[in-house]
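**Q** Show me how the following folds:
(2 chains)
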Amino acid sequence: MIREGSIRLPFAYAAGKSGSTYLRALQEEQRILGSRCSACDRILAPARSFCPTCGDAELQTVEIGPGGVLLAWTERPDKGILGLVKLDSADTAIVHRILGSSDVLSTGMRVQARFGDASDENPEDSLLGFAPEVADS
Amino acid sequence: MRRAAIIGTGQTHHASKRDDVSQPELVREASARALLDAGIDAAAINAVVISSMELFEGRALPELWLGEAAYAAGKPCMKVATGGTSGTSACIAGYHQVASGMFDLVLVVGYEKHSEGNTQAGMAIVDPYWDRAVASGALGNFALSISQYMADTGVTEEQAARVAVKARRNAARNPYAHLQMADITVEKVLESRMLAHPIHMLDMCPQSDGACAIVIAAEKTANKFCDRPAWIEGAATRHQQPYIGDIERRLTTMETLRSAAKEVYAKAGISDPRRDLDVAEIYEPVTYAELAWYEALGFCGQGDAGRLIEEGVTEMDGELPVNPSGGVLSSNPVGASGVIRVAEAASQVLGRAGEHQVDGATTALATGYGVYAWADALVLRAMS
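**A** Residues are numbered from 1 along each chain as shown, chains lettered A, B, ... in the order given. Modelled structure (predicted):
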C-alpha cells in the first residue's frame, strides 16, 4: 500500500547584514557589491560578512562590475543558459543567467550586467543576468 | 587511537523504486545482511551511525524513527548528513567511535528512498537569494565546471563516455546494482539525451532506492570474528562549502580530495597510488568527475585522465580497477552511496566481492564527494 500526498512548506529567510546591503544596492542603485578581505586582499563576490578562508579578518564593501568575463557556460532546456561570470575587479566568480542566444557565446568573452525592476519580495531579480558586451563601432 | 577494521558488509538490491518495502524495512534489509556477513548478533552492537539526506525522501528525523530498524533501540545512535559524502562521513564517524576506544562494535547504515520524496524539491530548500534560482540541483554546476575541465585538459566527450561504459558493464556483474547494461557502448552514451551541455543522460548517475551497512570492530573483536579483516589504515574528511563561484576551476583543482588523499596515502604508506592500490571505489556522480578524480587521486598526471581510461588502466582487467561495483553511475541512493563505496572496497579486501572480485585485492581506496567540494577518503588493507 502506498499513500501519496504533499505538504506546503512556507519559509522566511533573513538575507542578513551583508546580504541586505548587497540586495539594497542592487535594487535601489543598480550597483553590484563585493567585499575586499583585509587579510588575503581578495575581492569576494557577492558581498559577504566573513572571508571563507581568513577567519575574522575585516572586510570592506566595494563596488564590482557591472562588466565582466564569461568563464564558462552551459545550456539547459528547462532553465536556459547558466554562466560563471568574473566581474571586473572581483577575484571570485558568480553563477547567473546569461541572456540572449547561446550561438554567440564563447568562453573568455566580455559580458555586461542587465538590470530590471524587481519586487520587494524578490530583490535579487533586479539583476536580470548578463549579456554579451556590444562592441563600440 | 586503537586499530579498527570492517568485518562485514550488507546492501540491498538498488532500484529506481523499492515499493515492496517501507523505509525501515529497507534499512533492516541492509543491516541484517551486514550482521550476517560479520557473523555477529545484533545485541553485540554498541552504537549505530545512520546516514541519509532526509529531505530526499520527504521524511524528517530518520535517526529517530529508523533507529530500531538499524538495531539501535536503547543504544547511542546519531545521523550524519553531508550531501553525497554523508555515507563516507558516517563510516569515518563510526571509525572514530571505535578507534577512540569509545565502542567495540559499531554499525553504520546509509539509505535513501528517492522514490518516496522529491529530491529536486529537497535540493531547492537552499538560500533563495543566491542559490535557488540559478544553482539548485547538481546538473548546472557540474556542466559549468566540466566545460572548464575540458578546456584545461583536452578531455573529450568520447573519453567521458568510456567511463559510463565501464561503470554499467561492471554493474552487470554486480547483482545489487541498479543500472546493469552489459550492451552499453560509447555511441549509445553520446546519442543519449543532452541534459546540460556537455552532460548526456548516460553520463549522469541515477536516483536509486537502496541501503548499505558495514560493521566496524576494534582490533581484538575484529580478529575474533574475522580471519581477514579490512583494516582502516587511514580516513580523512575535508569540508569546503563556499559560494559556487569561489572555487573557479572546481573539477580541475579539487583541493579537498587532493588533501584528503594525501593524508590517507601518508598514513597507509602509499607513495605511488596506481602501483600501491589494488582497487578503488570512488564517488563519481558524473563521468567527467571520475576522470578529474583520477588526477586528484594521483592515478595519473594532470591532464592524463583521458588517456588512462583509453588505455584501460582502470578496467576490471587493468592495472588499477576503479569501481568494479559499477559505482555511483550505476547505483545512487545518496545517503547510502558513500557507505556503498566503503562496503565495496571492504568486500574486495575481505575477498567477498563475488563476480566483481579483483583477484588478490589487499589494499583498497574508497572516496566520497558531496555538494560542491566536500571530500572523504579511506584506505583499507588486509594483512597478508
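**Q** and stretch B:3-15, which residues are buried?
**A** Within stretch B:3-15, the residues that count as buried by 16 or more other C-beta atoms under 10 Å in any protein chain shown are B:3-12, B:14-15. No exception for glycine: its C-beta is placed from N, CA and C like everyone else's.
**Q** Mind telling me the two of these farthest from one another?
**A** Using C-beta to C-beta, the pair of the buried residues of stretch B:3-15 lying farthest apart is B:3 and B:15, separated by 36.9 Å.
**Q** Can you tell me the SS state at whatever residue of the stretch 151-300 of chain B ends up closest to chain A?
**A** Nearest to chain A in the stretch 151-300 of chain B, going by C-beta to the nearest C-beta, is residue B:245, at a distance of 3.4 Å. Judged by DSSP: H, G, I helix; E, B strand; the rest coil, the three-state class of residue B:245 is helix.
**Q** Find me the pLDDT at the closest residue to it other than its chain neighbours, would you?
**A** What sits nearest to residue B:245 in space, not counting adjacent residues and going by C-beta to C-beta, 6 or more residues apart in numbering or on different chains, is residue A:93, at 3.4 Å. Looking at residue A:93, its pLDDT reads 94.
**Q** In this model residue A:45 seems to touch residue A:93, though I could be wrong.
**A** Yes. The criterion here is C-beta atoms under 8 Å, and residue A:93 meets it with residue A:45 at 7.0 Å.
**Q** Which residues are in contact with each of the two?
**A** Contact with both residue A:93 and residue A:45 is made by residues A:86-87, B:245, according to C-beta atoms under 8 Å, 6 or more residues apart in numbering or on different chains.
**Q** By neighbour count, which of those wins?
**A** residue A:87 (26 neighbours; other C-beta atoms under 10 Å in any protein chain shown).
**Q** So what pairs up with it in the strands?
**A** Beta-bridge partners for residue A:87, by DSSP bridges, are residue A:68.
**Q** any low-confidence regions in the chain?
**A** Assuming you mean chain A. Applying pLDDT under 70 to chain A flags residues A:135-137.
**Q** Chain B, not that one
**A** Using pLDDT under 70, chain B drops low at B:131-137, B:384.
**Q** Give me the neighbour count for residue 35.
**A** I went with chain A, as the question did not name one. Count around residue A:35 with other C-beta under 10 Å applied: 26.
**Q** I was after chain B.
**A** By the criterion of other C-beta under 10 Å, residue B:35 has 21 neighbours.
**Q** Assign a three-state SS to it, would you?
**A** helix.
**Q** With residue B:71 as the reference, measure out to it.
**A** Residue B:35 sits at a distance of 8 Å from residue B:71 (criterion: C-beta to C-beta, to the nearest Å).
**Q** Now for those two: what residues contact both?
**A** Contacts common to residue B:35 and residue B:71, judged by C-beta under 8 Å, 6+ apart, are B:42, B:45, B:107.
**Q** any idea which element the residue lying closest to the second one once chain neighbours are set aside lies in?
**A** Meaning residue B:45. In space, and not counting its chain neighbours, residue B:45 is closest to residue B:107: 4.9 Å by C-beta to C-beta, 6+ apart. Using DSSP states H and E, residue B:107 sits within strand B:105-113.
**Q** Direction included, what does that strand pair against?
**A** According to DSSP bridges, strand B:105-113 forms sheet pairs with strand B:47-51 (parallel), strand B:209-218 (antiparallel).
**Q** Contact partners for residue B:279?
**A** The contact partners of residue B:279, by C-beta under 8 Å, 6+ apart, come to B:320-322, B:324, B:345, B:348, B:358, B:361, B:364-365.
**Q** let's see it at 7 Å
**A** Neighbouring residues of residue B:279 by C-beta atoms under 7 Å, 6 or more residues apart in numbering or on different chains: B:321, B:324, B:345, B:348, B:358, B:361, B:364.
**Q** and those residues, which two are the farthest apart?
**A** Distance extremes for these: the farthest pair is B:321 and B:345 at 11.3 Å, using C-beta to C-beta.
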